[in-house]
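1. Sharing a model that was predicted from the sequence below.
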Amino acid sequence: MTDTKFPRHPPTGISVIVVGAGFAGLAAAIECDRKGHSVTLLEKVPSISEITAIGDIISFDPNGSVAFARWPGVIDAMEAIARQTKHLDLYHHEGAFVTRQSFAHETAWGRRINGHRGQLHDIIYRHAVARGTIDIRLGQRVEDYFETDDPPQAGVVANGARLVADVVIAAEGVRSRGRKIVLGFDENPKSSGYAVYRAWFPSDEVAKNPLLAPLVVNGDTHQGFIGPDIHFLCSSIKGGKEVNWVFTHIDDGNIEESWQFPGKPEEALTYLDGWCPIVRELVKATPPGRLIDHKLVYRDPLPTFISPRARIALIGDSAHPFLPTSIQGASQSIEDGVVLASCLERSGRADIPRALRAYEKLRYARVHRAQAMGPQTRERWHKADWTKVWKNPELIHLVREPWLLNFDAEKDAYDRYDEVVAELDADHKARL
């Protein structure tokens with residue numbers, strides 16, 4: 001590595017186009033830059049403020065934040081605005097306290113970052129800009145993807161112009177156009193059957209309400225309320241100065257209308273009949289314009305994350321959308337970018353298809369195992385057998401397992417790359 005403010009591995013000569021400047025795309029761009037690749041990052045919005053203005057909570061577990069610790073200044077800046085809690089208090093939807101789940105032991109695995117989606121994104125984006133070696137182009141709408149054998153390259157059509165590179169990384173989310181070249185056909189996202197109301201706002205008025213004040217006046221808090229087919233999570237952050245809440249409910253709308261749109265507190269309250277006063281009062285306290293109704297969509301598991309010529313790779317939600325109850329979607333998207341950049345470094349420019357196949361093999365089983373935790377947690381909460389829960393409250397604890405959280409994707413990729421490539425080569429010979 002060079003001894004600079006932003007250390008980079010020696011140049012690899014590999015050119016990379018990353019499509020999408022969300023968390024997955026930024027992670028891929030930064031990690032590719034760290035590892036010596038030449039990066040062009042394309043984002044469709046003309047101003048990054050259109051992304052950073054989005055206000056709801058996002059969570060990065062230790063397996064995701066380990067990457068941030070390698071980006072100078074990023075992890076400390078994120079932690080400074082993150083929620084400072086080490087436990088989750090869980091309640092019955094009618095108000096009775098059930099159990100406290102502690103996360104204190106997870107500090108041995110790394111840092112947990114829970115904070116404002118837009119503000120955390122802004123920290124990472126500013127780091128990408130500050131590196132000075134990533135070609136960031138805003139206002140670039142990608143219309144198509146392509147790859148060729150002669151010369152061996154991949155590319156995109158953005159704003160009518162063709163751009164080419166050695167490899168293209170599609171990080172546009174569930175509606176990524178890159179999925180078509182991987183699958184060979186167009187497909188539409190499907191409704192998960194659930195939607196989410198989510199809100200974030202200053203806590204000034206909440207602090208004046210005697211019922212709600214305990215949520216914000218003593219620093220940061222984190223609480224969950226479990227009821228039939230609904231779970232309601234709320235927390236305060238920045239020393240209680242801001243408050244957020246989110247609840248998942250059965251979606252009775254049309255997925256074709258919009259994936260998210262402004263919500264109204266009075267509409268949200270119709271799902272909460274019979275719920276405890278603290279939940280209903282918090283919803284009522286939400287200021288105008290601070291509530292979003294977000295439809296949860298999913299894709300069927302893909303047979304592959306890479307294109308036929310293995311020059312284009314899907315990462316993040318483009319490859320594997322997560323439900324919020326997994327609490328892993330963001331972390332897995334960071335892992336994707338880390339692993340793909342590492343595989344490209346190990347392969348070198350001479351064998352990029354091998355790198356992409358190694359990336360897929362390293363990621364596929366792990367990411368789908370993590371993905372399955374979303375529906376499992378939702379069902380554990382929404383279909384809780386309270387006769388059993390009152391006897392054993394840990395039945396509604398979040399599953400927090402070392403195989404998932406105590407994990408360094410970069411180390412794993414470096415350690416297992418040769419083994420994985422050998423397996424791929426053996427599989428290829430066996431098919432001949």
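-> Great, that's in hand.

2. does K284 really touch L272, like I thought?
-> No: K284 is beyond contact range of L272, at 10.2 Å (criterion: CB atoms under 8 Å). C-betas here are computed from N, CA, C, even on glycine.

3. out of the two, which sits in the more crowded spot?
-> Taking other CB atoms under 10 Å, K284 and L272 do not tie; L272 has more neighbours (19 against 14).

4. got the contact list for that one?
-> Contacts were defined as CB atoms under 8 Å, 6 or more residues apart in numbering; by that measure L272 touches I230, F232, F247, V279, R280, V283.

5. Now, of these, which are buried?
-> With neighbours counted by 16 or more other CB atoms under 10 Å, those contain buried members at I230, F232, F247, V279, R280, V283.

6. sorry, back to before: the contacts of L272 in strands, which ones?
-> Under the assignment DSSP state E, the contacts of L272 contribute I230, F232, F247 to strands.

7. For the nearest residue to the first one once chain neighbours are set aside, give the beta-bridge partners.
-> Just to be clear, that refers to I230. Excluding its sequence neighbours, the residue lying closest to I230 (CB to CB, 6 or more residues apart in numbering) is H249, at 5.2 Å. In this structure, H249 has beta-bridge partners A195, where bridges are defined by DSSP bridges.

8. show me the biggest helix of the chain in terms of residues.
-> When the chain is scanned for its longest helix (criterion: DSSP state H), the result is helix 409-431.

9. Tell me which residues are up against it.
-> Taking contacts as CB under 8 Å, 6+ apart, the residues outside helix 409-431 that touch it are 63, 66-67, 70, 334-335, 338-339, 342-343, 346, 354, 357-358, 361-362.

10. Helices along the stretch 201-350 of the chain, start to end?
-> 204-208, 265-269, 277-284, 329-347 (DSSP state H, counting those that start in this stretch).

11. neighbours around the residue nearest to I230, how many?
-> Around H249 sit 20 other residues, with neighbours defined as other CB under 10 Å.

12. Same question for I278.
-> If we define neighbours as other CB under 10 Å, then I278 has 18 of them.

13. now it, nearest residue through space, not along the chain?
-> Setting aside the residues directly before and after it, I278 is nearest to L211 in space (CB to CB, 6+ apart), at 5.8 Å.

14. OK, contacts around the one you found?
-> Counted by CB under 8 Å, 6+ apart, L211 has contacts P277, I278, E281.

15. Not counting sequence-adjacent ones, nearest residue to the first one?
-> Distance criterion CB to CB, 6+ apart; nearest residue to P277, sequence neighbours excluded, is L211 at 6.1 Å.

16. For the one you found, give its distance to K284.
-> As for L211, its distance to K284 is 11 Å (criterion: CB to CB, to the nearest Å).

17. Equivalent analysis for L323, please.
-> L323 is 27 Å from K284, where distance means CB to CB.

18. same deal with T133?
-> For T133, the distance to K284 under the criterion CB to CB works out to 49 Å.

19. buried residues in stretch 81-93?
-> If you call a residue buried by 16+ other CB under 10 Å, then stretch 81-93 has these buried ones: I81, A82, R83, Q84, T85, L88, L90, Y91, H92, H93.

20. Please identify which pair of those residues lies farthest apart.
-> Of all pairs drawn from those, the one with the largest separation by CB to CB is I81 and H92; the distance is 31.7 Å.

21. Just the CA atoms of stretch 116-136, as CSV, please.
-> Included here for stretch 116-136 are C-alpha records, laid out as CSV according to Å, rounded to 0.1, in the frame of the first residue of the first chain:
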residue,chain,number,x,y,z
HIS,A,116,-30.6,8.0,9.7
ARG,A,117,-30.3,6.4,6.3
GLY,A,118,-29.6,9.7,4.5
GLN,A,119,-27.1,11.0,7.0
LEU,A,120,-25.1,7.8,7.1
HIS,A,121,-25.2,7.6,3.3
ASP,A,122,-23.9,11.2,3.1
ILE,A,123,-20.9,10.3,5.2
ILE,A,124,-20.0,7.4,2.9
TYR,A,125,-20.6,9.5,-0.2
ARG,A,126,-18.4,12.3,1.0
HIS,A,127,-15.7,9.8,1.7
ALA,A,128,-16.0,8.5,-1.9
VAL,A,129,-15.6,12.0,-3.2
ALA,A,130,-12.7,12.8,-0.9
ARG,A,131,-10.7,9.9,-2.1
GLY,A,132,-10.3,11.9,-5.3
THR,A,133,-9.7,8.9,-7.6
ILE,A,134,-13.3,7.7,-8.2
ASP,A,135,-15.0,9.2,-11.3
ILE,A,136,-18.4,10.0,-9.9
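
22. what's it in contact with?
-> 6, 8, 21-23, 26-27, 29-30, 33, 39-41, 43, 48, 51-58, 60, 68, 71-74, 77-78, 81-82, 113, 200, 237, 242, 244.

23. now those: which count as buried?
-> In terms of neighbour count (16+ other CB under 10 Å), the buried residues within these are 6, 21-23, 26-27, 29-30, 33, 39-41, 43, 48, 51-52, 54-58, 60, 68, 71, 74, 77-78, 81-82, 113, 200, 237, 242, 244.

24. Thanks again, I'm all set now.
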